[in-house]
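Chemist: A structural model of the following input is requested.
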Amino acid sequence: MQEDLSWMLANILKVPGARHALLVSADGLKRGMTEGLHPDLADRTAAAMSALQSISRSTAGFVGTDGEQQWRQTVVEFDHGWLFLVAAGSGAYLAVSASTDVDMEGITFRMHQLVQSLGEEMTAPPREMADGS
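Modeler: Sure thing, here's the model as predicted:
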């Protein structure tokens, strides 16, 4: 079982308007979450974030055709807030929800800062099968 990395996410909530943060593995498993996020919602959201990053990556060609397109982040706007999703190392993603009045530059800066400062801890290795393969 992988280490729970929730303790690393609390700093993101210091940005006014930030609601929740979730660290997700590429295969849709929750690796950490901020306090106050219901575990069931975190599990569902983790699976959805894995799918969202996959969809985002697959639409890179729509943005441009010059060379290889690299996905950096996905931002989704809702009536009551924002969803931010960024790569957090090999096989890991960081998702943050925020209110409509959040400083978008501030929240994305804090997210990227966290990803850079924690480098290796944010990397989610592929899961191993129970038989060790």
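
Chemist: tell me which element S50 is part of?
Modeler: helix 39-58 (DSSP states H and E).

Chemist: actually L22, not the one I typed
Modeler: strand 18-25.

Chemist: Quick one: residues in contact with that strand.
Modeler: Strand 18-25 is contacted from outside by 2, 5-6, 8-9, 12-13, 30-34, 36-37, 42, 45-46, 49-50, 81, 88, 91-99, 102, 107, 122, 124, 127, using CB atoms under 8 Å, 6 or more residues apart in numbering. Glycine gets a C-beta too; all of them are placed from N, C-alpha and C.

Chemist: so what strands line up beside that strand?
Modeler: When pairs are called by DSSP bridges, strand 18-25 turns out to pair with strand 30-33 (antiparallel), strand 92-98 (antiparallel).

Chemist: Could you identify the helix or strand that succeeds the last one?
Modeler: Counting by DSSP H and E, the next helix or strand C-terminal to strand 92-98 is helix 104-118.

Chemist: Going by neighbour count, list what's buried in that following helix.
Modeler: By neighbour count with 16 or more other CB atoms under 10 Å, helix 104-118 contains the buried residues 107-108, 110-112, 114-115, 118.

Chemist: Would you format those as a markdown table with distance to Q70 included?
Modeler: Shown next, in a markdown table, are the buried residues of helix 104-118 (distance: CB to CB, whole Å):
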| residue | distance to Q70 |
| --- | --- |
| I107 | 21 |
| T108 | 16 |
| R110 | 21 |
| M111 | 17 |
| H112 | 14 |
| L114 | 20 |
| V115 | 15 |
| L118 | 21 |
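
Chemist: Kind regards, and thank you for your time.
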